[in-house]
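Undergrad: got a sequence here, can you model it:
(3 chains)
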Amino acid sequence: MYTTDTIFQDLPGANGFYGQSILKVAQFDRDHLTYVMALGERMRDVVKQQGGLDILKHRVMTALFYEPSTRTSASFIAAMERLGGSVIPITQGVQFSSVSKGETLEDTVRTLAQYADSIVLRHPEIGSAQKAAAALTRYNVPLINAGDGAGEHPTQALLDLFTIYDELGTLDGITISMVGDLRFGRTVHSLTQLLLGYNVKFRFVSPEILRMPLSITNMVRGAGKDYEETYSVQDVIGDTDVLYVTRVQKERFSDLEQYEELKHFYVVDETLMQQAKEKMVVMHPLPRVGEITDRVDDDPRAAYFRQVRNGLYVRMALLAAVLTER
Amino acid sequence: MYTTDTIFQDLPGANGFYGQSILKVAQFDRDHLTYVMALGERMRDVVKQQGGLDILKHRVMTALFYEPSTRTSASFIAAMERLGGSVIPITQGVQFSSVSKGETLEDTVRTLAQYADSIVLRHPEIGSAQKAAAALTRYNVPLINAGDGAGEHPTQALLDLFTIYDELGTLDGITISMVGDLRFGRTVHSLTQLLLGYNVKFRFVSPEILRMPLSITNMVRGAGKDYEETYSVQDVIGDTDVLYVTRVQKERFSDLEQYEELKHFYVVDETLMQQAKEKMVVMHPLPRVGEITDRVDDDPRAAYFRQVRNGLYVRMALLAAVLTER
Amino acid sequence: MYTTDTIFQDLPGANGFYGQSILKVAQFDRDHLTYVMALGERMRDVVKQQGGLDILKHRVMTALFYEPSTRTSASFIAAMERLGGSVIPITQGVQFSSVSKGETLEDTVRTLAQYADSIVLRHPEIGSAQKAAAALTRYNVPLINAGDGAGEHPTQALLDLFTIYDELGTLDGITISMVGDLRFGRTVHSLTQLLLGYNVKFRFVSPEILRMPLSITNMVRGAGKDYEETYSVQDVIGDTDVLYVTRVQKERFSDLEQYEELKHFYVVDETLMQQAKEKMVVMHPLPRVGEITDRVDDDPRAAYFRQVRNGLYVRMALLAAVLTER
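TA: This next block holds a predicted model:
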């Protein structure tokens, strides 16, 4: 049993999150990650053993979603509630309200900062989270970026990292194969960045047109990491510890015929799983639309729904850390 | 005053609800119903005397509504909150989100099951609740069917039963007259089913085109119950203990002229009430659009808003029962 | 530290709010206002020192918004939650639900009154709050008007009053200049009404077409108050204690060209602020669309975001007062 008093006790790594906005993965060095992972594991115990904790009682979080994202908003809402806090749910239709009266994003978040102790922001424009956080400097109301278009979605990257750590017990000495849309897939970019602080080999598997951007591969090379690019999952499956599968996103294609060709370019099925290591971990940020067959769900290596659940723990850890003075 | 310790004490009937999904009225035998009725009455005392209880503190319920239903979602949300629990409200626009990205219902509920302790599902397709519950078998997250199209809406049937019991003090030896759209009215089908376990006489009052389906009348006949069909409320009003009025649903008619003819085929007004028993109970699942005049609201026999309130108590009873290990 | 026991202790003014609906500013005499101001100040201390209070634990508030208003709904939701209560959030799309099935407003609020202890109503039609409250007389569920079209929005007026009191320490002996759209601006009408009980001088600054309505100026004259109308802020800025700026509302103009001409008729900028008193207070009900430049935000006299926050405190005070028997 953890209590408000013991939940932060003797955590490894570095805190320093209190009052800080969470905007991008580059904010997190290895010590910060160690702290978040450890606090996330405690949050898992809290949820499993006692449902929640009253550490954020009487604190309020605004979920401000300019585009709907059921998964992400639900996860943040549950996280806040399991910490004893409350939520202002603005997860639908914000566009019809003040915003349609011409208010700036800055004024909207400044307004909501008067009511809440933190703001979770989802916005379709890259850079919007940074801009919104800058507008809040005088209010001591941390903002958490829940996805700013093609920009960042740091809590997704953190839950991905947590999942690898939790499934394999370590982040060092592993080979991760990222499969699918590596070009537009924001999650694989961020996760790659986070993993550069660890001893990891990268395998990038994609059709030519969806290859990992140079900006990312250059970063990987610059960090002196072992990486390979290939079109074929077969090339890598036998040595892979983490198979990170992504969806080819229809909305990225102007040519729908091309989308139809590529959408099931890779399908993880039972046959492929037979060629994989016995302890491999299959991850996917979800939603999936056929990249992993339902039959794989029963395989103990299928970690994608555990990965979803880890989002709850990691977001609980972040909310607790940014809202609690230690 | 009830506490977390005493709320379940010495209840009559049979429990066995813990961890179970609530999908259809056929799940409930007479002993189960006795239990739900008794627990519902306690919940009424809880709300009246103390507002609520902390029995579901730190527990989270997802309200997943693929079609809006203010009444039903509000009722479930209030029920969870009065038990000390929290809610993820997905009561609008779920269609714009993951779902529009092509995710299956199964994956959506599996995802939400990672954050919540139970899921309340409203979905326009018959059988969807069953399908969704089947997808959750490995997660110990009970699902409550809050209406699956023309299928079932078991909590409505239970609150109807509770209302009769609460108003008359018994479910045996009564005559119930169901009036209006008996063909498409899901509530009258379910309530009839539940009442088969009791000593009840049925009077089905409808225009020819909206008669009770054979599947239901056969069930009533098979159970050896006394029932009659008629076009005229006058035939039955004098002997009726429960007058269950339904709305003729516009959305069921392709021929709007026909709808206009039928919508006010039956109107319960003060004149009709004068012909009724002094202790008769008027029920309606609401919304009403003229089937019962406003003047009847002041009649002590008008039970339809008490019936609404009973929805709160019955849903509190069900949430408490499925989420609490005894 | 305030507790459930001490929060109401020894408050000045007159209470008498328990169980009462809050519909219009005319309900509040000077003693009532004194009470609300004083309780609002306590709520500010509660939020600053302890985040919230458990005075409304297990109590439920329905936020029923027929038109979205992020600011107002968020403020009420946060207020209820910081008092330990819970919320049924119906802040989007109520029009798609029961209402579209033809239910009357009266039946909708009667239904929601079965689940909740109070209802906060926003509705586009003038008089709707009054109508809704009348439908609730038998249920002891107070309704709070959160804006009924061109009608009233009493909690906005109360938070405006609170802001003046809080910023200047008094409501007597001040000069308030209201600037912009005085014709359609509901807030300036209500605030003027409230201020008639105090020793206040009024300066109404607007273009000809947007002048304060006769109904209001007659009221001001009837109360024997000093007031002037002018087109020019320059005429009044030097003697102004409270500069209340309003937005010219696009939705009020059929002639968009005229709107474009008028929308920035008045702009509060650094130059204007240099001509103002050192202790002047700048207020605005927000959202703003250019009437006050961003550079003014850094001026200590810019009170409009503190004004937003005061909305939280005043709504906490009202909810506590109407829901707590003393």
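Undergrad: C-alpha from now on. contacts and neighbour counts both.
TA: OK.
Undergrad: and the end-to-end length of stretch A:162-174?
TA: Terminal residues of stretch A:162-174 are spaced 14 Å apart (C-alpha to C-alpha, to the nearest Å).
Undergrad: please apply the same query to stretch A:19-31.
TA: End-to-end distance for stretch A:19-31, by C-alpha to C-alpha: 18 Å.
Undergrad: can you give me the buried ones in it?
TA: Buried residues in stretch A:19-31, defined by neighbour count with 16 or more other C-alpha atoms under 10 Å in any protein chain shown: A:19-25, A:28.
Undergrad: show me the two of the residues you listed that sit farthest apart.
TA: A:Gly19 and A:Val25 (16.9 Å; C-alpha to C-alpha).
Undergrad: neighbours around A:Val205, how many?
TA: Other residues within reach of A:Val205, judged by other C-alpha atoms under 10 Å in any protein chain shown, total 27.
Undergrad: surely it is in contact with A:Val179?
TA: Yes - look at A:Val205 against A:Val179 with C-alpha atoms under 8 Å: they come within range, at 4.7 Å.
Undergrad: tell me, what's touching the two both at once?
TA: A:Val233 (C-alpha atoms under 8 Å, 6 or more residues apart in numbering or on different chains).
Undergrad: run through the stretch 1-150 of chain A and note the low-pLDDT ranges.
TA: Along the stretch 1-150 of chain A, segments meeting pLDDT under 70 span A:93-100.
Undergrad: which stretches of it form strands?
TA: A:60-65, A:86-90, A:118-123, A:143-148 (DSSP state E, counting those that start in this stretch).
Undergrad: what's the answer for the stretch 151-300 of chain A, then?
TA: Listed in chain order, the strands of the stretch 151-300 of chain A (DSSP E, counting those that start in this stretch) span A:174-179, A:200-205, A:227-230, A:242-245, A:281-283.
Undergrad: excluding chain neighbours, what is closest to A:Asp54?
TA: Nearest non-adjacent residue to A:Asp54, counting by C-alpha to C-alpha, 6 or more residues apart in numbering or on different chains: A:Gly84, 4.3 Å away.
Undergrad: neighbours around that neighbour, how many?
TA: Counted with other C-alpha under 10 Å, A:Gly84 comes out at 21.
Undergrad: in CSV: the strands of the stretch 1-150 of chain A, plus mean neighbour count.
TA: Formatted as CSV, these follow (neighbours: other C-alpha atoms under 10 Å in any protein chain shown):
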stretch, mean neighbour count
strand A:60-65, 26
strand A:86-90, 26
strand A:118-123, 25
strand A:143-148, 26
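Undergrad: how near is A:Leu312 to C:Lys131?
TA: Distance check for A:Leu312 against C:Lys131: by C-alpha to C-alpha, it reads 44 Å.
Undergrad: same drill for those two, tell me which one is more crowded.
TA: The neighbour count for A:Leu312 versus C:Lys131, taken as other C-alpha under 10 Å, is higher for A:Leu312 (28 against 12).
Undergrad: list the buried ones in the strand or helix carrying the more buried one?
TA: In the assignment (DSSP states H and E), A:Leu312 maps to helix A:304-323. Under the neighbour-count criterion of 16+ other C-alpha under 10 Å, helix A:304-323 has A:304-305, A:307-323 buried.
Undergrad: how about stretch A:245-258: buried residues?
TA: So for stretch A:245-258, counting by 16+ other C-alpha under 10 Å, buried means A:245-250.
Undergrad: okay, which residue is most central for chain A?
TA: Nearest to the geometric centre of chain A sits A:Gln156, at 0.3 Å (C-alpha atoms, centre = their mean).
Undergrad: what does chain A put close to chain B?
TA: Applying C-alpha under 8 Å from any C-alpha of the partner chain, we find that chain A lies next to chain B at A:50-53, A:68-71, A:74-75, A:77-79, A:81-84, A:92, A:287-289, A:305-306, A:308-309, A:312.
Undergrad: could you rerun that using 6 Å?
TA: A:51-52, A:68-69, A:82, A:287, A:309 (C-alpha under 6 Å from any C-alpha of the partner chain).
Undergrad: looking at neighbours, which among the residues you listed is most surrounded?
TA: Neighbour max across these (other C-alpha under 10 Å) = A:Arg82, 32 neighbours.
Undergrad: thought that residue was touching B:His58?
TA: Yes - shown here, A:Arg82 and B:His58 form a contact pair, counting by C-alpha atoms under 6 Å, at 5.3 Å.
Undergrad: find residues that contact each of these two.
TA: Here A:Arg82 and B:His58 share the contacting residues A:Gly52, scored by C-alpha atoms under 6 Å, 6 or more residues apart in numbering or on different chains.
Undergrad: break chain A down into its structural domains.
TA: A:25-153+A:311-323, A:154-308 (automatic domain parsing).
Undergrad: highest average neighbour count across those?
TA: domain A:25-153+A:311-323 (a mean of 21; mean count of other C-alpha atoms under 10 Å in any protein chain shown).
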